[in-house]
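# Kindly generate the corresponding structure for this input.
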Amino acid sequence: PAKARAFTAAMHSVSERPAAGFAERFADFGGPVAGRMLDVGGGSGALSIAAAQRHADLRCTIFDIAPVCPIAEEYVAAAGVSDRVDARAGNMFEDAWPTGHDAGLLSQILHDWSFETGAELLSKAHAALAPGGRILIHEKLVEDGAPRPVENALVHLDMLVWTQGQQYTPTELTRALEAAGFTDVERTRTTGLWSVVAGTRR
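Numbering: from 1, shown residues only. Predicted coordinates:
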């Protein structure tokens, strides 16, 4: 629990501005109004909090391991959105993902893992969403054909050295989403070096 709290606090501090950009620039969460979003591996809930504050009809569930959930609930309560953002314990690799959501969000998740593991996570997202549901990938992308922007290329190197993963290019991410059964893949630049790549579950 102590390590979970320290890690969650560190990630929250670097996620607040990207979260605000996500909420400001992206609004297609599916559903008849703003929908319900499942924030997979959502940690403190920084993106769910920002999205709920920006979009009054959006409801979010943070899906993360049990030690993180009460920490997330503290951040959610402090932000004043406990009525629309909750936390549910689960392991995104081992457990079935909660259903009944119009959108599934993976923010800074895929870059930690191999392409093969990423494909497994996207397959679980596809299974959890109903036809017409939206998958949202929030990442720093490395552009096709060149190691740019240099800041994201350096993050790519960091992922290669310290994790099992890498930063995706737009083409790599599009192909991964299409292979998992998502269509109409499109990219939205949010703030700074960040983008959302979204697809629709067919």
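
# now the lowest-mean-pLDDT helix or strand in the chain, how far from the chain's geometric center?
Scoring the helices and strands of the chain by mean pLDDT, DSSP states H and E places helix 150-162 at the bottom, with a mean of 79. How far helix 150-162 lies from its chain's middle: 19 Å, per CA atoms, centre = their mean, to the nearest Å.

# for stretch 89-106, same thing?
So, by CA atoms, centre = their mean, the centroid of stretch 89-106 is 11 Å from its chain's centroid.

# what do you get for stretch 5-25?
On CA atoms, centre = their mean, the centre of stretch 5-25 falls 11 Å from that of its chain.

# For that stretch, list every residue counted as buried.
Buried residues in stretch 5-25, counted by 16 or more other CB atoms under 10 Å: Thr8, His12, Ser15, Pro18, Ala19, Ala20, Gly21, Phe22, Ala23. Where you see a C-beta, it was placed from the backbone N, CA and C, and this is true even at glycine.

# For His12, give me its contacts.
Counting by CB atoms under 8 Å, 6 or more residues apart in numbering, His12 touches Gly43, Ser44, Ala46, Tyr75.

# For the closest residue to the second one other than its chain neighbours, give me the pLDDT.
Right, the one you point to is Ser44. Spatial nearest neighbour of Ser44, excluding adjacent residues (CB to CB, 6 or more residues apart in numbering): His12 at 3.8 Å. Note for His12: predicted pLDDT of 93.

# secondary structure element for His12?
Taking DSSP states H and E as the definition, His12 sits inside helix 2-25.

# And the least confident helix or strand of the chain, what does it pack against?
strand 134-140 (3 or more CB pairs under 8 Å, 6 or more residues apart in numbering; DSSP states H and E).
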